[in-house]
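In: need a structure here:
(one chain, ligands or ions: 1)
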Amino acid sequence: MESILYLEDGSIYKGKAFGKIGTTVGELVFNTSMTGYQEILTDPSYAGQIINMTYPLIGNYGVNNLENESSKIHAKGFIVKNISNQAFNYMSEKNIDDMLKGMDIVGIYGVDTRSITKKIRNSGVLKCVISSENLSIDELKNILDKTEIKDDYMKKVSTKEIINIPGDGLRVALIDFGVKQNIINNLKQRECDITIFPYNASYEEIMSINPDGVLLSNGPGDPKEVKEAIETSKKLIKNIPTMGICLGHQIIALAVGANTYKMKYGHRGGNHGVYDIERDRSFITSQNHGYAVDANSIKDKEFIVTHINLNDNTVEGMRHKNLPVFSVQYHPEGSPGPQDSSYIFDKFISMLGGEK
Ligand SMILES: NC(=O)CC[C@H](N)C(=O)O
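Out: Numbers count the residues shown, from 1 in each chain. Alright, predicted model coming up:
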């Protein structure tokens with residue numbers, strides 16, 4: 001079935017439909033990972049976005065029940081060059097088309113994803129609409145103009161209730177802005193007793209479990225939208241060992257009075273080089289972010305920059321000068337992508353006093 005992708009700049013791409021038959025609008029972003037489409041689709045940080053994959057073949061090893069980063073697809077749509085519905089992998093339980101259909105997500109294939117990527121690189125992230133409902137270009141333009149892109153999806157994807165995952169080790173309060181399963185798995189592997197809190201949990205609620213440390217999770221949207229967490233983090237940082245990952249890192253920056261900004265087109269992929277200044281080593285990291293912490297705004301604060309991106313020198317990590325607080329912009333849990341930075345979780349555990 002025919003499908004059309006229409007971009008805010010007027011570009012039209014004709015392709016074929018897969019997944020749900022329908023019309024969807026979102027912020028168009030690109031991801032350069034060669035594998036890991038299942039983890040990307042189920043990463044809550046993509047809520048509201050339409051993901052354009054630069055790697056030309058998607059679906060070739062199928063989809064399974066073990067590698068979801070959350071229980072559903074939070075992205076608004078999926079754009080690929082070629083789909084393979086023959087899943088050549090022993091773990092595969094269904095194909096990518098069935099996954100998107102089962103989760104009501106509109107996909108388009110057979111379009112030039114690399115030319116789309118170049119457009120995003122030149123003009124920055126754009127709004128776009130995908131439709132397999134035979135709409136005219138004028139109708140698509142109308143839909144696009146009428147739809148406002150929200151940037152507070154963390155409020156939707158965060159847990160509604162407090163959840164405990166028992167463990168024999170350190171007690172960790174995990175503030176959920178859209179946490180990925182592999183962050184939870186990394187804490188479980190280190191025997192932590194994990195309590196997951198909603199994005200707007202108060203300082204008193206968090207401290208009532210008497211945690212050894214706090215982890216502020218990844219999540220979608222603009223960190224400035226999550227005012228409750230910024231206020232709560234101001235107190236957490238002063239009183240308890242705290243680590244932030246991605247959105248959590250940005251929230252810590254805002255809590256100490258530094259600033260964040262929207263990047264032109266962000267970092268999304270599995271091979272972003274990051275320099276760890278204190279270790280004097282570079283790592284290949286997994287990334288998914290559209291906002292960043294402004295390096296200049298940290299200079300007069302109690303924090304120092306510990307990691308920088310080797311492509312564009314943006315801030316990839318920071319730590320408090322005296323207190324046990326640090327954060328990273330990239331994803332030490334990988335999923336998808338390299339897990340070379342999983343030492344960040346060990347650093348968190350030793351900051352909390354080591355394994356119990
Ligand atoms: N993965 C994340 O936590 C993303 C953080 C934030 N939503 C951004 O795009 O920058």
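In: Pull up the residues of the stretch 251-356 of the chain that are close to the ligand.
Out: Residues of the stretch 251-356 of the chain found near the ligand (C-beta under 6 Å from any ligand atom) are 288-291. (C-beta placed from N, C-alpha, C; glycine too.)
In: of all those, which comes closest to residue 261?
Out: residue 291 (6.7 Å; C-beta to C-beta).
In: Assumed the closest one was part of a strand.
Out: Yes - assigned with DSSP: H, G, I helix; E, B strand; the rest coil, residue 291 falls within a strand.
In: what's around it, how many residues?
Out: By the criterion of other C-beta atoms under 10 Å, residue 291 has 20 neighbours.
In: what's residue 93 in contact with, if anything?
Out: Applying C-beta atoms under 8 Å, 6 or more residues apart in numbering to residue 93 gives the contacts 62-65.
In: and what of residue 95?
Out: Residues in contact with residue 95 (C-beta under 8 Å, 6+ apart) are 59, 62-63, 84-87.
In: redo that, cut-off 7 Å
Out: Going by C-beta atoms under 7 Å, 6 or more residues apart in numbering, residue 95 touches 59, 62-63, 85, 87.
In: Between the residues you listed, which sits nearest the ligand?
Out: residue 63 (21.3 Å; C-beta to the nearest ligand atom).
In: Apart from its neighbours in sequence, what residue is nearest the closest one?
Out: residue 99 (4.5 Å; C-beta to C-beta, 6 or more residues apart in numbering).
In: Quickly find the element holding that neighbour.
Out: In the assignment (DSSP states H and E), residue 99 maps to helix 96-102.
In: and that helix, C-alpha only, in CSV?
Out: This file holds the C-alpha atoms of helix 96-102, laid out as CSV (Å, rounded to 0.1, in the frame of the first residue of the first chain):
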residue,chain,number,x,y,z
ILE,A,96,9.0,-5.8,12.5
ASP,A,97,5.7,-5.3,10.6
ASP,A,98,3.8,-7.3,13.1
MET,A,99,5.5,-5.4,16.0
LEU,A,100,4.4,-2.0,14.6
LYS,A,101,0.9,-3.3,13.8
GLY,A,102,0.5,-4.8,17.2
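In: just to revisit the earlier point, so which of the residues of the stretch 251-356 of the chain next to the ligand is the most crowded?
Out: In terms of neighbours by other C-beta under 10 Å, these top out with residue 288 at 29 neighbours.
In: rewinding a little: can you put the residues of the stretch 251-356 of the chain next to the ligand in CSV and add pLDDT and distance to residue 79?
Out: As requested, those are arranged in CSV below (pLDDT from 0 to 100; distance: C-beta to C-beta, whole Å):
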residue, pLDDT, distance to residue 79
288, 98, 16
289, 98, 19
290, 98, 17
291, 98, 22
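In: Throw these into JSON lines and include distance to residue 175, thanks.
Out: Putting those into JSON lines (distance: C-beta to C-beta, whole Å) gives the following:
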{"residue": "288", "distance to residue 175": "18"}
{"residue": "289", "distance to residue 175": "17"}
{"residue": "290", "distance to residue 175": "20"}
{"residue": "291", "distance to residue 175": "18"}
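In: Nearest to residue 228 among those residues?
Out: Distance to residue 228 across these (C-beta to C-beta) is lowest for residue 291, with 17.8 Å.
In: Might one say that the closest one is in contact with residue 222?
Out: Yes - the pair residue 291 and residue 222 passes the contact test of C-beta atoms under 7 Å, sitting 6.3 Å apart.
In: picking that back up, burial count for the residue nearest to residue 63?
Out: Neighbour number of residue 99 under other C-beta under 10 Å is 24.
In: And it, how close does it get to residue 290?
Out: Applying C-beta to C-beta, to the nearest Å, the value for residue 99 to residue 290 is 24 Å.
In: again, but for residue 2
Out: Taking C-beta to C-beta, one finds residue 2 at 30 Å from residue 290.
In: Repeat that for residue 317.
Out: For residue 317, the distance to residue 290 - C-beta to C-beta - is 18 Å.
In: Could you pull up the residues touching the residue nearest to residue 36 when sequence neighbours are not counted?
Out: Nearest residue to residue 36, sequence neighbours excluded (C-beta to C-beta, 6+ apart): residue 336, at 2.1 Å. Neighbour list for residue 336: 33, 35-36, 39-40, 270, 286 [criterion: C-beta under 7 Å, 6+ apart].
In: How about residue 131?
Out: Residues near residue 131 by C-beta under 7 Å, 6+ apart: 3-4, 23, 140.
In: Now pLDDT, neighbour count and secondary structure too, for the contacts of residue 336, in JSON lines please.
Out: Putting the contacts of residue 336 into JSON lines (pLDDT from 0 to 100; neighbours: other C-beta atoms under 10 Å; DSSP: H, G, I helix; E, B strand; the rest coil) gives the following:
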{"residue": "33", "pLDDT": "98", "neighbour count": "21", "secondary structure": "coil"}
{"residue": "35", "pLDDT": "96", "neighbour count": "15", "secondary structure": "coil"}
{"residue": "36", "pLDDT": "97", "neighbour count": "21", "secondary structure": "coil"}
{"residue": "39", "pLDDT": "98", "neighbour count": "24", "secondary structure": "helix"}
{"residue": "40", "pLDDT": "98", "neighbour count": "27", "secondary structure": "helix"}
{"residue": "270", "pLDDT": "97", "neighbour count": "24", "secondary structure": "strand"}
{"residue": "286", "pLDDT": "98", "neighbour count": "27", "secondary structure": "strand"}
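In: Now distance to residue 344 too, for these, in TSV please.
Out: Shown next, in TSV, are the contacts of residue 336 (distance: C-beta to C-beta, whole Å):
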residue	distance to residue 344
33	20
35	22
36	19
39	18
40	21
270	16
286	12
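In: Fine by me, thanks again.
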